[in-house]
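In: My questions are about this predicted structure, shown below with the sequence.
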Amino acid sequence: GQQVMQIPQYQHVQEGEDFTTYCNSSTTLSNIQWYKQRPGGHPVFLIQLVKSGEVKKQKRLTFQFGEAKKNSSLHITATQTTDVGTYFCAGTRGSNYKLTFGKGTLLTVNP
Amino acid sequence: NAGVMQNPRHLVRRRGQEARLRCSPMKGHSHVYWYRQLPEEGLKFMVYLQKENIIDESGMPKERFSAEFPKEGPSILRIQQVVRGDSAAYFCASSPHRDGTEAFFGQGTRLTVV
């Protein structure tokens, strides 16, 4: 079955440092979505990428979708304490509506 | 436009009891998905429903678990004869699209079986 691997599992940074999490799928994806979940909270939709090689930016966040549509990354520039949380990627395949989630990257930021 | 509403937020059940989890999708969303999240894990798909129809329940255990999305009212995830292993966060998501894109999640129900 489809698998989505996400690394690293944990990342601790000093405030102001950059952060990147990587997502890799065993199969070609139709689209990939990114979510943020605060401790004790629920996944909050951040963005969806659909096109091969697509790059999208949201303020300090940059999202990329690989040319082969099998990998993706989220990069945060100059982290802030408000960035703390677990970042999940989730992909769909074909016309399949099931989101297959990675295990997430827990980001902690030291002020 | 209220978000996806789930209740209760926290539910404690003794082993053998029944748990009922409710989800009201966002206005205009007719596609509802249930996911389960174990501690420090990603979310695992359970079931996809449209109004009055179960489209895909391949991620749901075949015994003790059932889901519905009636014509009127919220979607219900029902767990009969709960066991400790059912303890988890159960999230409902709704989407305006059949392909599940741009899914918005509710705040979840955290089920604890004692």
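Out: Cool, the structure landed.
In: how about the residue nearest the centre of chain B, secondary structure?
Out: Closest to where the C-alpha atoms of chain B average out (CA atoms, centre = their mean) is residue B:34, at 3.7 Å. Of the three states, residue B:34 takes strand under DSSP: H, G, I helix; E, B strand; the rest coil.
In: For it, which non-adjacent residue is spatially closest?
Out: The shortest distance from residue B:34 to any non-neighbouring residue, by CB to CB, 6 or more residues apart in numbering or on different chains, is to residue B:46 (4.4 Å). The C-beta positions use only the backbone N, C-alpha and C, and glycine is treated the same way.
In: Wait, that neighbour touches residue B:62, no?
Out: No: the criterion here is CB atoms under 8 Å, and residue B:46 misses it with residue B:62 at 11.9 Å.
In: Of these two, give the one with the bigger neighbour count.
Out: In terms of neighbours (other CB atoms under 10 Å in any protein chain shown), residue B:46 is the more surrounded of residue B:46 and residue B:62; the figures are 22 against 6.
In: what helices or strands is the helix or strand bottoming out on mean pLDDT in chain A leaning on?
Out: Sorting the helices and strands of chain A by mean pLDDT, DSSP states H and E puts strand A:100-101 at the bottom, at a mean of 90. Helices and strands touching strand A:100-101, by 3 or more CB pairs under 8 Å, 6 or more residues apart in numbering or on different chains; DSSP states H and E, are strand A:85-92, strand B:43-50.
In: Pull up the per-residue confidence for residue B:1.
Out: For residue B:1, the pLDDT comes out at 52.
In: Equivalent analysis for residue A:109, please.
Out: pLDDT, read off for residue A:109, is 97.
In: how about it, secondary structure?
Out: Secondary structure of residue A:109, per three-state DSSP, is strand.
In: what sits against residue 43?
Out: Defaulting to chain A. Contacts here follow CB atoms under 8 Å, 6 or more residues apart in numbering or on different chains; on that basis residue A:43 touches A:35-37, A:88, B:43, B:91, B:105.
In: nope, chain B
Out: By CB under 8 Å, 6+ apart, the contact list for residue B:43 reads A:43, A:88, A:90, A:99, A:101, B:35-37, B:91.
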